[in-house]
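Engineer: fold the following.
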Amino acid sequence: MSTCYGTSSIIQQYSAHRRAEEEYDRHTANCLTSRSFQRHGVDASTDNVEQWARLNGAIAQGNVDIPGEQRHGESMAEEVVSATMQRVSGPVLTPPEEDESDNEVYAEDDDGEDEEEYDLLADIFGYDNDDDNAEAALDTVLRYSERPD
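Structural biologist: This is a model prediction of the structure:
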């Protein structure tokens, strides 16, 4: 049994799988790895191991950037929240020109379009809890920002 844990164990096990694949073949390496998983209480078929090896191989080759995806998702969420807050806050008020009458203090910026206005994220997503509404907003952003590979 391995004496290392965490990231070290992942690297060690993936390396052992790669060595078995090089020494024997992919199918044999997948069978050995599947048996090891099962012996330690993890139900993993050879197809599961094939996917595990493919994903780890992509990571090992530097083809994955999970923190970058997280930053991208958070950036998109910030944009949606900002746009939503602008819509929620109502029309933009502009100061009057100096030559306009004294009784007209501000003029609403109206482009002639009738847009539905929302007061809160709760009005958009319908949850009672603000955290649930924020999570729903993030989920929506992430769903719309998924990029096909």
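
Engineer: where do the helices of the chain begin and end?
Structural biologist: In chain order, the chain shows helices spanning 6-23, 26-39, 46-60, 66-88, 121-125, 130-145, with DSSP state H as the criterion.

Engineer: can you lay out the ones you listed as CSV showing mean pLDDT and mean neighbour count?
Structural biologist: Every residue, glycine included, has its C-beta placed from N, CA and C. Conversion of these to CSV gives the following (pLDDT from 0 to 100; neighbours: other C-beta atoms under 10 Å):
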stretch, mean pLDDT, mean neighbour count
helix 6-23, 94, 13
helix 26-39, 97, 16
helix 46-60, 95, 15
helix 66-88, 85, 13
helix 121-125, 77, 16
helix 130-145, 80, 14
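
Engineer: any idea how far stretch 47-66 is from the chain center?
Structural biologist: Averaging C-alpha positions (C-alpha atoms, centre = their mean, to the nearest Å) puts stretch 47-66 18 Å from its chain's average.

Engineer: what does that stretch contact?
Structural biologist: Contacts of stretch 47-66 with the rest of the structure, by C-beta atoms under 8 Å, 6 or more residues apart in numbering, involve 10, 14, 17-18, 21, 26, 29-30, 33-34, 37, 44.

Engineer: again with stretch 130-139
Structural biologist: Outside of stretch 130-139, the residues that reach it under the criterion C-beta under 8 Å, 6+ apart are 73, 77, 80-81, 84, 120-122, 124-125, 127.

Engineer: distance to residue 3 added to these, as CSV?
Structural biologist: CSV is the format used below for the contacts of stretch 130-139 (distance: C-beta to C-beta, whole Å):
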residue, distance to residue 3
73, 37
77, 41
80, 47
81, 47
84, 51
120, 53
121, 49
122, 51
124, 52
125, 48
127, 47
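
Engineer: now, which of these sits nearest residue 144?
Structural biologist: residue 80 (8.5 Å; C-beta to C-beta).

Engineer: next one: the closest residue to residue 33 other than its chain neighbours relative to residue 18, how far apart?
Structural biologist: Excluding its sequence neighbours, the residue lying closest to residue 33 (C-beta to C-beta, 6 or more residues apart in numbering) is residue 49, at 4.6 Å. When distances are taken as C-beta to C-beta, to the nearest Å, residue 49 and residue 18 turn out to be 12 Å apart.
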